[in-house]
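Q: Structural data only, the sequence is not supplied:
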């Protein structure tokens, strides 16, 4: 079997597939399908300093080639996560990334400090949640905002720090540069694209939040383009996500510049997707004589 | 492993009314585990999200599950195009079913496409089931003969009086004697049914639906407002739950973290004491006193 290991910011993942934040809870539900060790890692549901109740329903709806969600960061708070979820999760044989969201810089810093001595392998700074008024995206859409929050959190964070970037910006690669210069160890992109659907009978938006974050296969080409552009601007590793559904999609994302991958929405279509994509990646490597996935990262040959 | 997504062959695919279809799927392993009131996530080629459809019938001997569903949008319209002999991939059984007690005379209150999930209960209750089923008009009536065949006392109401009782299904229900109530249908019907059960001091369980993504409680998409259990209520929530039936509800938190992983503590508890639970994992069947309708 091919060697699927990848390194991101000093953390070794046994394979490049990481469950994307918000699609995988804290892992318990999907552990009823397969051992979580089939994954390289898990990025947990976004965690805040205090519990958040989330948005009123409807929170999800399908779109052509994807879906919209506006869950609104429903989570039990960082203390509950450390006390009740992490002890189990950290024993599942996969790397744990804590996705941290917040309203104010102090919230992020306090949450990250609480996680400094907890068994998590990496912090993913969520400054791109589009579904709550103060869910961090206010920091994620300007270079100054990204630089400010990243450098502030960096001072308090002992773990490898990855910044998850919003695609709802003019030039995502500039945001990545800002994160890198503020001390981020990696960036992950892309978060969801803000979208909307309307019920033509009631004339109301389908989502109670009116707008939501779009994800799913329809995002893949946008995500590939953004990862590719970002790869040309930063030296820190990129974790690529957005619409990956097959092993072929995964290879494309690596070639565009990703060092590792996250998958999310495809789990709702096929819960076994991580297993199938991993197998497909191994076959691709064997067939093409690829010894290490790092050979593929950024390997696209532009015209 | 608790969950499995399996491919089964359709042994029957028929149309019941203008927009309601009747499918029977061969899936012995899933049928062996299923309970009335649980649901399946049906995968549709080319769609990102599966369609949550309630289980209408469970035949463990034949190893089949029955689904009676209505065309609601593009996905269910495509599902209706499937024919006998074709294969469907389903993730089932999901959620918590009805706490059926065959010794208790149980009133089954169904409205429109809310009727199918109650049929599995009738099959287990036999003569102890009283089914009151409401439809818009005669042309929308489904499953009446199936309830009768199961042994249930079966009464039908239509909104326009074109068949059976002319009026609301809950008006029919008023005339019946029962020790337990299960209901599924539109929200006003559920509210009226829950009120009737409360007046009669009878436990009542409701099956709810909400737009859903994962179907297993991971994505937190299908939110529903749930009350905390009050310690002084006459039937503490969960008391009547059977092993595989509806779940118990956490007691009102006293500032402590809840051991079951629920997300709100007293500090952030809304004034009327509810939190967002999820239809797929906490339901779809709920104690009526637990749900904020």
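A: Received it, and whenever you're ready, just let me know what you need. No experiment lies behind these values; they were computed from the predicted model shown.
Q: rest of the way, CA atoms for contacts and neighbours
A: Noted.
Q: check contacts around residue 160.
A: No chain was given, so I picked chain A. Residues in contact with residue A:160 (Cα atoms under 8 Å, 6 or more residues apart in numbering or on different chains) are A:9-10, A:121-123, A:184-185.
Q: nope, chain B
A: B:136-137, B:166-167.
Q: any idea which of those residues is the one closest to residue A:175?
A: Nearest to residue A:175, judged by Cα to Cα, of the contacts of residue B:160 is residue B:136 at 55.9 Å.
Q: residue boundaries of the strands in the stretch 101-250 of chain A?
A: A:122-126, A:161-164, A:186-189, A:193-195, A:198-199, A:204-205, A:212-215, A:238-241 (DSSP state E, counting those that start in this stretch).
Q: okay if I get those as CSV plus distance to residue B:217, mean neighbour count and mean pLDDT?
A: As requested, the strands of the stretch 101-250 of chain A are arranged in CSV below (distance: least, Cα to Cα, whole Å; neighbours: other Cα atoms under 10 Å in any protein chain shown; pLDDT from 0 to 100):
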stretch, distance to residue B:217, mean neighbour count, mean pLDDT
strand A:122-126, 22, 26, 97
strand A:161-164, 24, 28, 98
strand A:186-189, 25, 26, 98
strand A:193-195, 23, 19, 96
strand A:198-199, 26, 12, 96
strand A:204-205, 24, 14, 97
strand A:212-215, 18, 26, 96
strand A:238-241, 22, 30, 98
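Q: Of those strands, which is nearest residue B:109?
A: strand A:198-199 (28.9 Å).
Q: contact partners of the lowest-mean-pLDDT helix or strand in chain A?
A: One helix or strand of chain A scores below all others by mean pLDDT, DSSP states H and E: helix A:137-140, with a mean of 79. Contacts with helix A:137-140, where a contact means Cα under 8 Å, 6+ apart, come from A:126-130, A:145-146, A:148-149, A:165-166, A:175.
Q: Please check the residues you listed and keep the buried ones.
A: A:126-130, A:145-146, A:148-149, A:165-166, A:175 (16 or more other Cα atoms under 10 Å in any protein chain shown).
Q: which helix in chain B runs the most residues?
A: The longest helix of chain B (DSSP state H) is helix B:187-200.
Q: where does the stretch 101-250 of chain B dip in pLDDT?
A: B:228-250 (pLDDT under 70).
Q: So which residues of it form helices?
A: B:116-125, B:144-150, B:169-174, B:187-200 (DSSP state H, counting those that start in this stretch).
Q: What helices and strands are in contact with the third one?
A: Translated: helix B:169-174. Applying 3 or more Cα pairs under 8 Å, 6 or more residues apart in numbering or on different chains; DSSP states H and E, one finds that helix B:169-174 contacts strand B:106-111, strand B:129-135, strand B:153-158, helix B:187-200.
Q: okay, those in CSV with distance to residue B:224 and mean neighbour count next?
A: Output for the helices and strands packed on helix B:169-174, formatted as CSV (distance: least, Cα to Cα, whole Å; neighbours: other Cα atoms under 10 Å in any protein chain shown):
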stretch, distance to residue B:224, mean neighbour count
strand B:106-111, 20, 28
strand B:129-135, 25, 29
strand B:153-158, 29, 21
helix B:187-200, 13, 18
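Q: Kindly state which of those is positioned closest to chain A.
A: helix B:187-200 (14.6 Å; Cα to the nearest Cα).
Q: Let me know whether that closest one sits next to chain A.
A: No: looking at helix B:187-200 against chain A by Cα under 8 Å from any Cα of the partner chain, there are no contacts, and the closest approach is 14.6 Å.
Q: Phi and psi next, for residue B:285.
A: phi -100, psi 130 (degrees, to the nearest 10).
Q: surely it meets residue B:205?
A: Yes: counting by Cα atoms under 8 Å, residue B:285 touches residue B:205, with 6.3 Å between them.
Q: Need the residues touching each of those two.
A: What both residue B:285 and residue B:205 touch, as defined by Cα under 8 Å, 6+ apart, is the set residue B:98.
Q: tell me which parts of the stretch 101-250 of chain B are close to chain A?
A: B:210-214, B:216-224.
Q: which ones among these are found in strands?
A: Using DSSP state E, B:223-224 are the members of these that sit in strands.
Q: Turn the residues of the stretch 101-250 of chain B next to chain A into CSV, including neighbour count and distance to residue A:97.
A: Compiled in CSV, these are given as follows (neighbours: other Cα atoms under 10 Å in any protein chain shown; distance: Cα to Cα, whole Å):
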residue, neighbour count, distance to residue A:97
B:210, 18, 30
B:211, 20, 28
B:212, 28, 26
B:213, 31, 23
B:214, 26, 21
B:216, 24, 22
B:217, 24, 20
B:218, 22, 16
B:219, 27, 17
B:220, 33, 19
B:221, 32, 22
B:222, 26, 25
B:223, 27, 25
B:224, 26, 28
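Q: which one is residue 52 nearest to, not counting chain neighbours?
A: Picking chain A for this. Closest residue to residue A:52 apart from its sequence neighbours, by Cα to Cα, 6 or more residues apart in numbering or on different chains: residue A:74 at 5.0 Å.
Q: Switch to chain B, please.
A: residue B:41 (4.5 Å).
Q: May I ask which two of the contacts of residue A:160 are separated the most?
A: Longest span within the contacts of residue A:160, Cα to Cα: A:121 and A:184, 14.7 Å.
Q: Counting neighbours, go ahead and name the busier of the two.
A: Applying other Cα atoms under 10 Å in any protein chain shown to residue A:121 and residue A:184 shows that residue A:184 carries more neighbours, namely 25 against 20.
Q: What distance do you get for the more buried one to chain B?
A: To chain B, residue A:184 is 28 Å away according to Cα to the nearest Cα, to the nearest Å.
Q: Phi and psi next, for that residue.
A: phi -70, psi 150.
Q: Domain-wise, how is chain B divided?
A: B:5-94, B:106-206, B:208-293 (automatic domain parsing).
Q: How is residue 2 assigned, secondary-structure-wise?
A: I'll assume chain A. At residue A:2 the chain is in coil, as set by DSSP: H, G, I helix; E, B strand; the rest coil.
Q: my question was about chain B
A: coil.
Q: Now for it: which residues touch it?
A: A:32-33.
Q: Would you list the phi and psi of it?
A: Dihedral angles for residue B:2 - degrees, to the nearest 10 - are phi -70, psi -40.
Q: So what are the sheet partners of the top strand by length along chain B and their directions?
A: Across chain B, the strand with the greatest residue count (assigned by DSSP E) is strand B:5-15. According to DSSP bridges, strand B:5-15 forms sheet pairs with strand B:20-26 (antiparallel), strand B:87-94 (antiparallel).
Q: for those, which one sits closest to residue B:71?
A: Comparing these by Cα to Cα, strand B:20-26 comes nearest, at 6.5 Å.
Q: Now do the closest one against helix B:116-125, angle only.
A: When axes from the mean of the first three to the mean of the last three Cα atoms, to 10 degrees is applied, the directions of strand B:20-26 and helix B:116-125 differ by 50 degrees.
Q: Backbone dihedrals for residue A:166, both of them.
A: Dihedral angles for residue A:166 - degrees, to the nearest 10 - are phi -90, psi 140.
Q: Surely it touches residue A:128?
A: Yes: contact criterion Cα under 8 Å: residue A:166 and residue A:128 qualify, at 4.7 Å.
Q: okay, and the common contacts of these two?
A: Shared contacts of residue A:166 and residue A:128, counting by Cα under 8 Å, 6+ apart, come down to A:137, A:140-141, A:191.
Q: So which of these wins on neighbours?
A: Highest count within the shared contacts of residue A:166 and residue A:128 by other Cα under 10 Å belongs to residue A:140, 30 neighbours.
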